[in-house]
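> Quick one, fold the following:
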Amino acid sequence: MVQESGDTAVLTWRGIRSGIPDIAPVALYAVVLGIAFGAAAQQAGLTGTETALMSAAAFSGAAQFVALDMGLDRAGLGALLLAVLAVNTRHVLLGAALHPWLRHLGPWRRFGAAALLSDANWAMAMRYRAQGGNDVGVLVGGGLALWICWFAGTVAGLTAASALLDPERYGLDVLMLAFFTTVLVGMWRGRTNVLPWTAAAIVSLIGLWLLPTNWHIMAGALAGGIMGAARYRE
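Alright, predicted model coming up:
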């Protein structure tokens with residue numbers, strides 16, 4: 001649903017309600033990914049309470065899987081924080097892209113909406129905005145739906161851990177790739193994307209070989225963002 005556009009953003013319950021069904025197809029991925037994470041976390045030695053709190057507070061599938069992979073009992077706090085920063089640095093660029101829109105809101109609404117930011121509802125909100133919409137509730141509703149599905153999936157995964165001893169057997173290891181591929185396809189805007197995406201891909205691949213674990217994500221995101229900003233100024 002696209003509402004009448006304007007220079008001033010609004011945040012309404014109507015927008016929140018419309019954002020929930022719009023994100024539903026992608027939210028199904030969050031359920032399955034949450035199941036995989038819940039099962040993996042229990043197998044890694046986390047308690048059910050620790051796992052549930054982690055998903056509720058962090059709300060970052062990629063960062064949470066990276067933390068498990070590093071070994072929460074082996075990696076130091078500094079290493080974990082740096083890894084999570086590297087994985088989530090793209091949110092700086094996502095937030096910068098939303099700033100011209102969200103700056104019209106008060107601080108509490110602006111940062112509250114940003115707290116529910118993810119790749120999927122960002123892409124959905126940007127597409128909605130490009131079509132003339134001005135209700136930030138679409139972003140918030142999409143984020144709430146994703147958070148609920150992610151948390152519910154995590155809890156379900158805790159109970160299904162014994163049945164998911166080998167996630168690769170069920171193809172759960174490729175869900176993250178499928179999820180981000182779906183988001184990227186929806187964001188494709190033709191030739192204007194070629195240079196930023198190419199720069200991000202090349203720098204990420206080089207960083208994968210030369211940089212510490214997971215820092216290639218931040219390097220690729222920065223390269224793509226810089227190239228995109230340069231293209232925009234042209």
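
> pretty sure residue 109 contacts residue 135?
No. Using C-beta atoms under 8 Å, residue 109 is not in contact with residue 135, being 11.8 Å away. Heads up, the C-betas are built off the backbone N, CA and C, glycines and all.

> Now the common contact residues for those two.
residue 11 (C-beta atoms under 8 Å, 6 or more residues apart in numbering).

> Who has more neighbours out of the two?
Taking neighbours as other C-beta atoms under 10 Å, residue 109 and residue 135 compare with residue 135 leading, 27 against 17.

> got the contact list for the more buried one?
By C-beta under 8 Å, 6+ apart, the neighbours of residue 135 are 3, 9-12, 14-15, 18.

> any idea how far residue 208 is from it?
39 Å (C-beta to C-beta, to the nearest Å).

> Figure out the helix or strand that residue 96 lives in.
Residue 96 belongs to helix 90-102 when elements are defined using DSSP states H and E.

> what's in contact with that helix?
Here helix 90-102 has contacts from 9, 110, 113-114, 117, 119, 122, 125-126, 129, 134, 136, 139, 217-218, 221-222, 224-225, using C-beta under 8 Å, 6+ apart.

> Okay, helices next: where are they in this structure?
Along the chain, counting by DSSP state H, helices occupy 13-43, 48-58, 61-70, 77-88, 90-102, 107-115, 119-130, 137-159, 175-187, 194-210, 215-233.

> mind giving me the domain ranges of this protein?
Listed by automatic domain parsing, the domain ranges of the chain are 13-187, 190-234.

> pLDDT score for residue 49?
We note a pLDDT of 93 for residue 49 in this prediction.

> Let me fix that, I meant to ask about residue 163.
Taking residue 163 on its own, its pLDDT is 56.

> ok, and for stretch 35-49, which residues are buried?
By neighbour count on 16 or more other C-beta atoms under 10 Å, the buried set for stretch 35-49 is 35-42, 46.

> quick one, phi/psi of the residue lying closest to residue 143 once chain neighbours are set aside?
Excluding the flanking residues, the one nearest residue 143 by C-beta to C-beta, 6 or more residues apart in numbering is residue 116, at 2.7 Å. Here is the backbone geometry of residue 116 (degrees, to the nearest 10): phi -100, psi 10.

> circling back to that earlier point, narrow the contacts of residue 135 to those that are buried.
Buried among the contacts of residue 135 by 16+ other C-beta under 10 Å: 3, 9-11, 15, 18.

> Kindly reformat those residues as a markdown table containing distance to residue 56 and pLDDT.
As requested, the buried ones among the contacts of residue 135 are arranged in a markdown table below (distance: C-beta to C-beta, whole Å; pLDDT from 0 to 100):
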| residue | distance to residue 56 | pLDDT |
| --- | --- | --- |
| 3 | 31 | 43 |
| 9 | 27 | 87 |
| 10 | 28 | 91 |
| 11 | 23 | 92 |
| 15 | 24 | 93 |
| 18 | 25 | 93 |
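
> tell me the two of those residues that are most distant?
Using C-beta to C-beta, the pair of these lying farthest apart is 9 and 18, separated by 14.9 Å.

> how close does the residue nearest to residue 143 sit to residue 148?
11 Å.
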